[in-house]
Structure formats: C-alpha cells, structure tokens
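> Output the structure for:
(one chain, ligands or ions: 1)
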Amino acid sequence: MSRKIFIAGNWKMNTTVDDAVALAKGVVESVGPQDDVDVAVCPPYTNLSAVADAVMGSNVKLGAQDVHWEEKGAFTGKISCAMLKAVGVTYVIIGHSEQRQYFHETDETVNKKVKAALGSGLLPIVCVGETLDERKSGSMEKVVETQVRGAFADISPDDALKCTVAYEPVWAIGTGETATPEQANDAHAFIRKILSDIYSDDAAQAIRIQYGGSMKPANAKELLAQSDVDGGLIGGAALKADLFEGIVKPQ
Ligand code: PEP
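The predicted model follows:
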C-alpha cells in the first residue's frame, strides 16, 4: 500500500500575523505547485484567517494546533470546530505532548476532540509518544498503545481513515535529538499493529503515520524512506520556509 507523504508544520506559539503571512507565502513559493506530497501549515489561532488567504489557491492546506470539543458557550479561551471550519481550516493537531504536559490534555480529552473534529469535517492529526523516562523504563509500547486506543475509542473505521497519527517521542521534540530511522520505523510499525487490531489490516495500512521530533532537512530523507514513516510533523524547522522546503523535498 503506498501512502502519500504528508508534511505538516506546527508553528506553535510563534509568529505575529505579519510574520505568519510572510512565512506562509514563503512556504507556498518554495513548495510550489507540486502534488507529490501533502503539505499543511498550522499557525496560531490569531493568524489562521490571514494564512488562509496567503495559501489560497495553492497546494498548502491550513491546520490548527488544537480545538475544543464543545460546540459553543461559556468556555473562555477556547475555540470550536465550527470556528476553525469557518476560517478555512482542514487539519487540526490533537493531543500534542505540550498540551498533554502543560494543559491537562488526557486520552479522554483527546478522544472528545477527535470525535468533535470528525463530526465537523476537520481532519485530526492525533499525536502520541513516550517521554524519555518511559522509553528508558521499557514502557514505550504500553504508553503509546494506551494513547492510540484512547484517541480512537468509539471512532468508526470510516472516520479513522480520515485521521493521521503523529508519533512524536517527547524526548525528541525541540531537543535536537532525533529518533533513529529504525526507532521511528519500529514505533510506527507498532502503532500500525494496534490500528490493525482495532480496525483491520486494510485500515491500518491506509492510515498515515507522521514522525515528529527534530526532523530537519539533514535527517528527513532517511526518516521518510522508512517503510512505515508517512510524513512529518515539524516544529522548529517549520518556522523557516527554506528548512521546511528541505523536508518537503529532501535531498
Ligand atoms: C513538534 O512539536 O510537533 C515537533 C516535532 O517539534 P520539533 O520539530 O521542533 O522537534
């Protein structure tokens, strides 16, 4: 089964609106009209509208970094799926380790967000991954399996196919330390096995699994060449159009 590579930039809490428009235009220009790779950029909420305009007519899609599961109401500081749809968002990152670490994200809230996103026609990028302590203590598989099963609880097979999983070992995020291609591929194959167990082998073979954690032009080619690595969720290197291009078109 050949899965189309999907590279998404997670800009995190970086860029003012002017920075974001300039970066988005740079990405559109450098990525060009190619259709071999799916590309998305995920700016902060305040810049979504402006970036939607900047990427309009290109192959670069718009993503958000989080969403709330409720439709509307007294949830100060939160943004709904309908709000994201209304400004042209296609993808939404759910369960990023920084949300889990700093903002009380749990497998239960991840699952609620995934359900709400799918119900609104947004395409979730579901993040999972273990900490360094968890890897060192040998519990990586248990942790990742719990996260995957939690995120996909009561999600239908058809809806699961609309999701991307991002395997992001927490120890590799923003640290400059990257999982080796073998470590990444082993983790991805393990995630695919869980998806096969929950759904079917066909479904598991169709769902894309991105790697995230200090991916950059220098290591992208080798990581993306792995049989179960179907793309990347990129933090730091997504903030410079030329570095991002070097991942979309690795040499
Ligand atoms: C991320 O936060 O999703 C990420 C992968 O960050 P970085 O590329 O900076 O490690």
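
> got the residues of the chain near the ligand?
For the chain, the residues in contact with the ligand (Cβ under 6 Å from any ligand atom) are 10, 168, 173-174, 212-215, 233-237. Using the backbone N, CA and C atoms, a C-beta is placed for each residue, glycine as well.

> cutoff 5 Å now
Neighbours of the ligand within the chain, by Cβ under 5 Å from any ligand atom: Asn10, Ile173, Gly174, Gly212, Gly213, Ser214, Leu233, Gly235, Gly236.

> for the fifth one, what are its contacts?
Contact criterion Cβ atoms under 8 Å, 6 or more residues apart in numbering gives Gly129, Glu168, Pro169, Trp171, Ala172, Ile173, Thr175, Glu177, Thr178, Ala179 as the residues in contact with Gly213.

> Turn the residues you listed into CSV, including pLDDT.
What follows is the contacts of Gly213, written out as CSV (pLDDT from 0 to 100):
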residue, pLDDT
Gly129, 97
Glu168, 97
Pro169, 96
Trp171, 91
Ala172, 90
Ile173, 88
Thr175, 86
Glu177, 83
Thr178, 86
Ala179, 88
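
> Buried only: go through those for me.
Gly129, Glu168, Pro169, Trp171, Ala172, Ile173, Thr178, Ala179 (16 or more other Cβ atoms under 10 Å).

> wait, isn't the third one in contact with Asp186?
By that I understand Pro169. No. Between Pro169 and Asp186 no contact is recorded; they are 11.3 Å apart, counting by Cβ atoms under 8 Å.

> tell me which of the residues of the chain next to the ligand is nearest to Ala74?
Nearest to Ala74, judged by Cβ to Cβ, of the residues of the chain next to the ligand is Asn10 at 28.6 Å.

> how many other residues sit next to the closest residue to Pro217 other than its chain neighbours?
In space, not counting the residues next to it along the chain, Pro217 is nearest to Gly246; the distance is 2.9 Å by Cβ to Cβ, 6 or more residues apart in numbering. Other residues near Gly246 number 18, with proximity taken as other Cβ atoms under 10 Å.

> With Ala189 instead?
14.

> Next, work out how far apart it and the ligand are.
Going from Ala189 to the ligand by Cβ to the nearest ligand atom, to the nearest Å gives 20 Å.

> Make CSV out of the contacts of Gly213 and add secondary structure.
Converted to CSV, the contacts of Gly213 look like this (DSSP: H, G, I helix; E, B strand; the rest coil):
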residue, secondary structure
Gly129, coil
Glu168, coil
Pro169, coil
Trp171, helix
Ala172, helix
Ile173, coil
Thr175, coil
Glu177, coil
Thr178, coil
Ala179, coil
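
> Show me which of the residues you listed is closest to the ligand.
Ile173 (4.2 Å; Cβ to the nearest ligand atom).

> For that closest one, give me its contacts.
Contacts of Ile173 (Cβ under 8 Å, 6+ apart): Ser97, Glu98, Gly129, Gly212, Gly213, Ser214, Gly235.

> can you give me phi and psi for whatever residue of the stretch 101-250 of the chain ends up closest to the ligand?
For the stretch 101-250 of the chain, the residue closest to the ligand is Gly235, as judged by Cβ to the nearest ligand atom, at 2.2 Å. Gly235 adopts backbone torsions of phi -90, psi -100, taken as degrees, to the nearest 10.

> tell me the contacts of it?
Asn10, Lys12, Ile173, Gly174, Gly212, Ser214.

> want to try TSV for those residues, with secondary structure as columns?
What follows is the contacts of Gly235, written out as TSV (three-state DSSP):
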residue	secondary structure
Asn10	strand
Lys12	coil
Ile173	coil
Gly174	coil
Gly212	coil
Ser214	coil
